[in-house]
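> build me a model:
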Amino acid sequence: MWYLIAAVTLTVCNQPQEIPKLYHYALHLRNGLGHPSPELYDKVKTSIDCVSGDNNWCPYELDPSFRLSEKFRESILKTSALSGLPKAINSLMILKETTPKALRASQEPNRPPTSSFAAFESEQARGMQFWKTIYSKISNRVITQMSSSYPDLWSYTIQHVYSPLLSYSGVLTPQETSLIVISCLIPQDVNPQLKGHLKGALNLNIDLETINDCREMAIEVSQWCGTVWKNEVAKL
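Predicted coordinates:
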């Protein structure tokens, strides 16, 4: 999970050029091709050069490596609603350019267009359930606050962010998505939203140690990118 936290934080901090290094580092570790060391970093740079020169090159075991690749793609996609589509596009494009052909996304989307009103209603119900799980007792209050500021804000949030994007669990679990959201919010200095999602992670039964570890890693990566906060980053 640490590499997904780092990947989305780098995306939010507009450092897409670092994504390929992180991706191949994770692939090497997952495939038992090295241990954390300067030598492994050299292998990673060589791997990136090899793929850039020949996208058929792939020293990794296909099934677990494809699943890992999908998690990278899905994590970055989910940042689009939280930190902007352009940053997500840039990270996904550079990731694709340095991904072995065998590990690239299929031609069909994981989220096909809804084929019926019943499918749309099911998707919307899934999004609302995810929302209610995260916000729990204050769910309706947050909805009211958002609607009062601009009715379209809430309708957009549930119809286009939570339902089709964040609540989709075909690649990432709800718990993984929760940590991704936290990692996206930390570099942006948006404590009101971060506080809600830190508590939401608890509502999704993520243990406090994991949440704190996620927070600390996102802070460290953000600091490495040069992020400066106006106030202390919110915590539980």
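> wait, doesn't residue 58 sit right on residue 103?
Yes: the pair residue 58 / residue 103 is scored as a contact, 6.6 Å apart, by CB atoms under 8 Å. C-beta: built from backbone N, CA, C; applies to glycine.
> those two: who's more crowded?
For residue 58 versus residue 103, the count of surrounding residues by other CB atoms under 10 Å is larger for residue 103: 21 against 18.
> residue 71 is in contact with that one, correct?
No: in this structure, residue 103 sits apart from residue 71 without contact. The criterion is CB under 8 Å, and the distance is 11.6 Å.
> off-centre distance for the longest helix that the chain contains?
Secondary structure of the chain read by DSSP state H shows that its longest helix is helix 62-83. Distance, stretch centre to chain centre, for helix 62-83: 7 Å (CA atoms, centre = their mean, to the nearest Å).
> in that helix, what's buried?
Along helix 62-83, these residues count as buried under the neighbour rule (16 or more other CB atoms under 10 Å): 65-66, 68-83.
> and what of stretch 172-180?
By neighbour count on 16+ other CB under 10 Å, the buried set for stretch 172-180 is 172, 174, 176-180.
> and those residues, which is closest to residue 141?
residue 178 (19.9 Å; CB to CB).
> helix, strand or coil for the closest one?
Using DSSP: H, G, I helix; E, B strand; the rest coil, the structure places residue 178 in helix.
> can you tell me the closest non-neighbouring residue to it?
Beyond its immediate neighbours in the sequence, the residue positioned closest to residue 178 (CB to CB, 6 or more residues apart in numbering) is residue 201, lying 4.6 Å away.
> which helix or which strand is home to that neighbour?
Secondary-structure element containing residue 201, defined by DSSP states H and E: helix 191-203.
> for residue 51, same thing?
For residue 51, the element it lies in under DSSP H and E is helix 38-53.
> give me the helices and strands touching that helix, please.
helix 19-30 (3 or more CB pairs under 8 Å, 6 or more residues apart in numbering; DSSP states H and E).
> give the other helices and strands that the helix it packs on contacts.
Using 3+ CB pairs under 8 Å, 6+ apart, the elements in contact with helix 19-30 are helix 2-12, helix 38-53, helix 62-83, helix 85-97.
> so can I have CSV of the ones you listed showing mean pLDDT and distance to residue 114?
CSV is the format used below for these (pLDDT from 0 to 100; distance: least, CB to CB, whole Å):
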stretch, mean pLDDT, distance to residue 114
helix 2-12, 96, 26
helix 38-53, 86, 35
helix 62-83, 94, 18
helix 85-97, 96, 21
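> and residue 126, which of those helices is closest to it?
Counting by CB to CB, and looking across all of the helices and strands packed on helix 19-30, nearest comes helix 62-83 at 14.8 Å.
> what's stretch 36-52 in contact with?
20-21, 24-25, 27-29, 33-34, 57-59, 97-100 (CB atoms under 8 Å, 6 or more residues apart in numbering).
> so how far is it from its chain's centroid?
Between the centre of stretch 36-52 and the centre of its host chain there is 24 Å, according to CA atoms, centre = their mean.
> check stretch 202-221 too.
Between the mean C-alpha point of stretch 202-221 and the mean C-alpha point of its chain there is a distance of 14 Å (CA atoms, centre = their mean).
> for it, buried residues please.
Residues 204, 206, 211, 214-215, 217-219, 221 are the ones in stretch 202-221 that count as buried (16+ other CB under 10 Å).
> flag the helix or strand of this structure with the lowest per-element mean pLDDT.
Taking mean pLDDT, DSSP states H and E as the measure, helix 38-53 is the helix or strand of the chain with the lowest mean score, a mean of 86.
> re earlier: and of the helices and strands packed on helix 19-30, who's closest to residue 160?
With CB to CB, the closest approach to residue 160 among the helices and strands packed on helix 19-30 belongs to helix 62-83: 7.8 Å.
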